[in-house]
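Enquirer: Whatever this is, show me its structure:
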Amino acid sequence: MPLSLSTNTLTKNSSAGGGTFQDVSNILLAEAIDNIEPAAPNKELVTNITIPSGHYQVTVPVYGRTTAVALSEGVDISPVQGPEVANVVTQTASEHGVMTFVSDRLAYQGNDDAVAIVGEQHGRAVGRLLDQDIIGLFDGFSNSIGSAGAALNLNSIAVAVSFLRSDDSTYGPAPNPINASLHPEQIRRLITDVAGQANSITTFGGEPIPTGLSEDIVKNYMRGRDPLFGVPIIESPNISRDGSDDAKGAVFSTRALHLAMENEIRAEEERDASLRGTEIVTVGVWGQGETVDVWGVEMLGDAVSLS
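Expert: Numbering: from 1, shown residues only. You can find the predicted model right below:
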């Protein structure tokens with residue numbers, strides 16, 4: 001769901017020299033809201049739950065599987081008491097924000113480009129933090145594939161996908177969509193492996209494979225364009241590397257994780273006469289958590305650059 005902007009405290013004309021602060025704030029905030037979601041690619045990979053404004057807690061029911069049975073002629077079907085609630089997750093949200101000081105001189109000069117850059121940085125800062133909070137959940141998955149210092153490969157993705165699509169006695173197979181969120185360097189190594197395997201195969205069903213197959217795989221099967229084993233590969237630059245240059249991505253169902261968030265990004269301004277300027281504060285309210293552990297797999301692998 002697209003985010004909206006609450007600017008109820010930013011509608012007044014605060015005079016700054018000969019200009020108005022309203023124009024400056026509108027530019028800054030428009031840029032901020034436009035840059036939050038591009039900076040948080042993992043936001044759309046999890047279940048999004050809208051928290052009503054002013055609320056900081058939401059209950060997330062986790063339903064188990066419902067079993068159908070064979071029927072006999074003339075025999076009444078036994079009622080099912082609805083999907084069984086296998087678990088209940090209580091998610092608490094908290095405030096996250098960033099503050100920028102805009103001087104009277106900047107507002108007076110009407111330097112739209114400079115103000116737009118500040119707004120862009122606001123949006124990226126909030127989006128980056130939101131994305132990092134979601135990424136932090138990857139390490140919580142009980143199941144993990146890969147090892148420190150070793151590159152992820154084609155088989156790594158295949159094993160993760162086959163595990164998620166296998167039946168689980170409590171929750172069933174992981175529902176679609178399933179995505180892979182990986183560090184850019186993890187993806188580069190995956191591309192190298194996929195391309196190498198494609199080049200090693202010269203025939204299929206007795207017929208030669210057209211030239212350029214490796215190139216097609218590199219171009220189309222990576223970075224979310226086309227799926228690999230039915231799973232899009234999403235580049236997540238906000239995934240961090242540890243001291244050994246290893247990174248932890250994940251392959252997971254959208255319903256494995258959740259993000260509970262207010263739909264509005266709040267923004268307020270406060271005049272500081274002694275500093276001759278105005279503080280702009282942008283605040284988002286969210287909380288994130290794991291919904292079903294067996295519907296996600298952590299992907300650990302080497303992510304060193306320039307190697």
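Enquirer: Where is the longest strand in this structure?
Expert: The residue-count maximum for a strand in the chain (DSSP state E) belongs to strand 277-290.
Enquirer: Please name the residues that touch residue 299.
Expert: If you count contacts by CB atoms under 8 Å, 6 or more residues apart in numbering, residue 299 has them with 138, 144-146, 152, 156, 160, 180, 182, 186, 248-251. In short, each C-beta sits where N, CA and C put it, glycine included.
Enquirer: Kindly report the same for residue 165.
Expert: Shown in contact with residue 165 (CB under 8 Å, 6+ apart): 173-174, 178.
Enquirer: Repeat that for residue 147.
Expert: Going by CB under 8 Å, 6+ apart, the list of residues near residue 147 reads 300-301.
Enquirer: sec struct for residue 149, please.
Expert: Put simply, residue 149 is coil when judged by DSSP: H, G, I helix; E, B strand; the rest coil.
Enquirer: And residue 289, how far from residue 302?
Expert: To residue 302, residue 289 is 29 Å away according to CB to CB, to the nearest Å.
Enquirer: Please identify which of those two sits among more neighbours.
Expert: Shown here are residue 289 and residue 302; by other CB atoms under 10 Å, residue 302 has more neighbours (21 against 18).
Enquirer: just checking, that one touches residue 156?
Expert: No - at 11.5 Å, residue 302 does not count as touching residue 156 under the criterion of CB atoms under 8 Å.
Enquirer: what do these two both touch?
Expert: Between them, residue 302 and residue 156 share no contacting residue, judged by CB under 8 Å, 6+ apart.
Enquirer: helices and strands of this structure: which one bottoms out on pLDDT?
Expert: strand 15-16 (a mean of 42; mean pLDDT, DSSP states H and E).
Enquirer: Direction included, what does the longest strand of the chain pair up with?
Expert: Take DSSP bridges as the rule and strand 277-290 pairs in its sheet with strand 94-103 (antiparallel), strand 257-262 (antiparallel), strand 264-272 (antiparallel).
Enquirer: After the first one, which helix or strand is next?
Expert: What that stands for is strand 94-103. Moving toward the C-terminus from strand 94-103, the next helix or strand (DSSP states H and E) is helix 104-109.
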